[in-house]
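1. next input, structure requested:
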Amino acid sequence: MNRVSCIMNLTLDTIRDIELYQNKKGYRFSVDALLLYSFVNLRRAYRIADLGAGSGIIGILLAKRYPEAEITLIELQKSLVELAKKNVVLNNLQDRVTVIRNDIRDIDTIHLFTHSPLHRFDLVVSNPPFRRQKTGQISPTDEKAIARHEIELKLADLIQAACSLLRSKGRFCIIYHPSRLVELIDALREKHMEPKRLRFVHSTLTTEAKMALVEAIKDGRTEMKIENPLYIYKEDGTYTDEMKALY
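-> Residues are numbered from 1 along each chain as shown. Sure, this is the predicted structure:
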């Protein structure tokens, strides 16, 4: 595909203080990425990894927030890897942000691609596929399907990868579906990743939770804080003040 055709298949979007190329018909980031970014509350971070980085939105936003940090974006799909690389250059972050095409199940090989070895990361984030293969409608495009359904990545593999990357007391932030929250907590604790913060996300004040934001600390002590719920829309269908500020 030539450069003109490639550009015609992309959109250029602006969100907060970054610009982002996205495929018109492939996987496009959703509000989940912004919710996860906003959930991170470290004062400082020097090594950050995004597992299943997609087009790079979360890692690029975190690079802007933590100007001293080195960011590693790990993505399996070639099309999204190439897009993430474009976006890193677009936002002038190529000196601090590295994009790696790698299977998260082979996370032990990450030291071959980056200066940040295993067990040295302060923060790992992930907006992973959470739908089991037999639930929900499978997307007709592989890019969307792999990003949203557990086709290439199982929850246990994701938690193992995060544990391998994090230093002791390092933090893992994830957005996941509430229906699988118990499964998530069990998987985290099995790898000595103690859930410390939990925040539920609702569409409106009267609807049940649609997503859950969880922060776990590697080798952390048992204690969890349940934060105030986050509401996306007012009853009239407009964004809440918190969501307006997030965008």
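
2. what's around Pro67, how many residues?
-> Number of residues near Pro67 (other Cβ atoms under 10 Å) recorded here: 8. (Each C-beta comes from the backbone N, C-alpha and C, glycine too.)

3. and Thr206, that one's in a strand?
-> No: assessed by DSSP: H, G, I helix; E, B strand; the rest coil, Thr206 does not belong to a strand; its assignment is coil.

4. list the contacts of it.
-> By Cβ atoms under 8 Å, 6 or more residues apart in numbering, the contact list for Thr206 reads Glu235.

5. kindly report the same for Ile74.
-> Taking Cβ under 8 Å, 6+ apart, we find Ile74 in contact with Ala49, Asp50, Leu51, Gly52, Ala53, Ile100, Asn102, Ile104, Ile107, Ile110.

6. drop anything exposed from these.
-> The neighbour-count test (16 or more other Cβ atoms under 10 Å) applied to these identifies Ala49, Asp50, Leu51, Gly52, Ala53, Ile100, Asn102, Ile104, Ile107, Ile110 as buried.

7. per-residue pLDDT, the second one?
-> In other words, Asp50. Looking at Asp50, its pLDDT is 97.

8. chain neighbours aside, what residue packs nearest to it?
-> Gly59 (4.1 Å; Cβ to Cβ, 6 or more residues apart in numbering).

9. from memory the one you found sits against Val97, does it?
-> Yes: between Gly59 and Val97 there is a contact at 6.3 Å, judged by Cβ atoms under 8 Å.

10. report the set of residues contacting both of these two.
-> Jointly contacting Gly59 and Val97 under the rule Cβ under 8 Å, 6+ apart are Ile71, Thr72, Leu73.

11. pLDDT, secondary structure and neighbour count added to the residues you listed, as TSV?
-> Below are these laid out as TSV (pLDDT from 0 to 100; DSSP: H, G, I helix; E, B strand; the rest coil; neighbours: other Cβ atoms under 10 Å):
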residue	pLDDT	secondary structure	neighbour count
Ile71	96	strand	28
Thr72	95	strand	24
Leu73	96	strand	30
